[in-house]
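Fold the stuff below for me.
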Amino acid sequence: MIILDTDVLTFHLLGHPRVLQRRREAHDEVVITLISRIETLQGRFATLLKAADGEQLLRGQHRLDKLELDLRPFRVLPVTDHVASEFDRLRANKGLRKIGRADLLIATIALTHVATLVTRNVKDFRLVPGLTIENWLD
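Numbers count the residues shown, from 1 in each chain. Below you'll find the predicted structure:
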């Protein structure tokens with residue numbers, strides 16, 4: 001199983017040729033986490049909430065609708081009991097305090113599924129023991 005981190009998911013949605021090619025070549029299922037889904041949608045929700053007029057509101061709704069359609073092909077891995085207990089274990093590791101909460105949650109989901117995490121943020125994710133990472137961009 002291959003999990004796209006939020007940064008790589010964004011490049012995928014923008015049609016980045018290298019990311020699209022690597023996805024086509026992948027032999028394993030390519031999925032996303034609930035955390036990446038939330039992070040991706042948050043920006044669209046903010047656009048709607050900050051709209052200054054009806055035109056911006058409609059444009060924001062259109063962009064949200066398109067994003068929802070673009071995310072449909074991806075299976076979304078949720079937070080489970082196993083993920084929650086692994087997250088607690090990782091948070092106790094003082095060496096991982098530099099990693100943001102969202103990234104640690106994504107890493108935890110990847111570890112519990114014994115999946116490869118595809119990210120551009122190699123610097124932070126390499127700190128997570130046992131996590132397999134790849135960078136499809138650089």
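
what ranges do the strands span in the protein?
Along the chain, counting by DSSP state E, strands occupy 2-4, 30-33, 76-77, 116-118, 132-134.

For stretch 24-40, buried residues please.
Val30, Val31, Ile32, Thr33, Ile35, Ser36, Arg37, Glu39, Thr40 (16 or more other CB atoms under 10 Å). The C-beta positions use only the backbone N, C-alpha and C, and glycine is treated the same way.

if you average pLDDT over it, what comes out?
On average, the pLDDT along stretch 24-40 is 96.

Check what contacts it and list those residues.
1-6, 9-10, 13, 23, 67, 71, 74-79, 102, 105-106, 109-110, 115-116 (CB atoms under 8 Å, 6 or more residues apart in numbering).

From these, list just the buried residues.
For the contacts of stretch 24-40, buried by 16+ other CB under 10 Å: 2-6, 9-10, 23, 67, 71, 74, 77, 105-106, 109-110, 115-116.

Please convert the strands of the chain to TSV, extending it with distance to Arg63.
Shown next, in TSV, are the strands of the chain (distance: least, CB to CB, whole Å):
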stretch	distance to Arg63
strand 2-4	20
strand 30-33	18
strand 76-77	20
strand 116-118	24
strand 132-134	29
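
hmm, back to that, now tabulate the buried residues of stretch 24-40 in a markdown table and tack on distance to Trp136.
A markdown table is the format used below for these (distance: CB to CB, whole Å):
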| residue | distance to Trp136 |
| --- | --- |
| Val30 | 11 |
| Val31 | 15 |
| Ile32 | 14 |
| Thr33 | 16 |
| Ile35 | 19 |
| Ser36 | 15 |
| Arg37 | 19 |
| Glu39 | 18 |
| Thr40 | 17 |
